[in-house]
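A.B. asks: Mind looking at a prediction? Sequence and model below.
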Amino acid sequence: MQHIVDVFTEAYECLGLQLNIKKTKVLFQPAPGAPEMADPVIHVHDDPLECVTSFPYLGSHLASNTYIDSELQHRISAANCSFRKHRKRIYDSRDLSKETKLLAYKAFVLPVLLYSTETWTFYRRHITQLERFQQRCLCTILHIHWSERHTNFSVLESALLPSIETMICKSQLR
């Protein structure tokens, strides 16, 4: 890794650029099942780079463990922010039709929620968390109260949307 950073730094300097040491971090991801190892110490011109356990990168949230739990929580949180941002003007509005609200949900919330899911390895608990979030949003949009006891399938059917699992499988197969 040190050799790669040295070559990268040299290439930067050949182009007249300078590597910003304060913004450059090291995230070490050991192979699953590998024995515990110390974090590597990488230097750029005798300055050590900071070693971190998580790092935001191009809209994703990378972590030193190879699980997607932190990324999943980040995606749900970002989608929730997007949903709340538009809630008063769109989803709670009585002037807009159900179809318009669902189109807004598909345009504003689903892309944020499902960003980069085609690269994830899912477990059932991950799908359940995503499905739970979608059900909460759809019940809010469709004005379905929890005491009405609708099934998840009936909510999806009335919204004319596939399940999150179906959308993820489709994007992974694409």
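C.D. replies: It's in.
A.B. asks: after the worst-scoring helix or strand of the chain on mean pLDDT comes which helix or strand?
C.D. replies: Lowest on mean pLDDT, DSSP states H and E among the helices and strands of the chain sits strand 60-63, with a mean of 74. Sequence order places helix 69-86 as the next helix or strand after strand 60-63, per DSSP states H and E.
A.B. asks: buried set for that next one?
C.D. replies: 71-72, 74-76, 78-80, 82-83, 86 (16 or more other CB atoms under 10 Å). Yep, even glycine has a C-beta here, placed from its N, CA and C like the rest.
A.B. asks: go on, stretch 135-142?
C.D. replies: By neighbour count on 16+ other CB under 10 Å, the buried set for stretch 135-142 is 135, 137-139, 141.
A.B. asks: Domains in the chain, by residue range?
C.D. replies: Following automatic domain parsing, the chain resolves into domains at 2-52, 69-173.
A.B. asks: ok now the shortest one, how far from the chain's centre?
C.D. replies: Mean-position distance between domain 2-52 and its chain equals 25 Å (CA atoms, centre = their mean, to the nearest Å).
A.B. asks: repeat for stretch 126-139
C.D. replies: The chain centre lies 14 Å from the centre of stretch 126-139; the measure is CA atoms, centre = their mean.
A.B. asks: Just the CA trace of that stretch, in CSV.
C.D. replies: Taking C-alpha atoms only, stretch 126-139 is exported to CSV below (Å, rounded to 0.1, in the frame of the first residue of the first chain):
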residue,chain,number,x,y,z
HIS,A,126,-31.4,-5.7,5.7
ILE,A,127,-34.3,-6.3,3.4
THR,A,128,-36.7,-6.1,6.4
GLN,A,129,-35.3,-2.7,7.4
LEU,A,130,-35.7,-1.3,3.9
GLU,A,131,-39.2,-2.7,3.6
ARG,A,132,-40.2,-1.3,6.9
PHE,A,133,-39.0,2.2,5.9
GLN,A,134,-40.9,1.9,2.6
GLN,A,135,-44.1,0.8,4.3
ARG,A,136,-43.9,3.7,6.7
CYS,A,137,-43.5,6.2,3.8
LEU,A,138,-46.3,4.6,1.8
CYS,A,139,-48.7,4.6,4.7
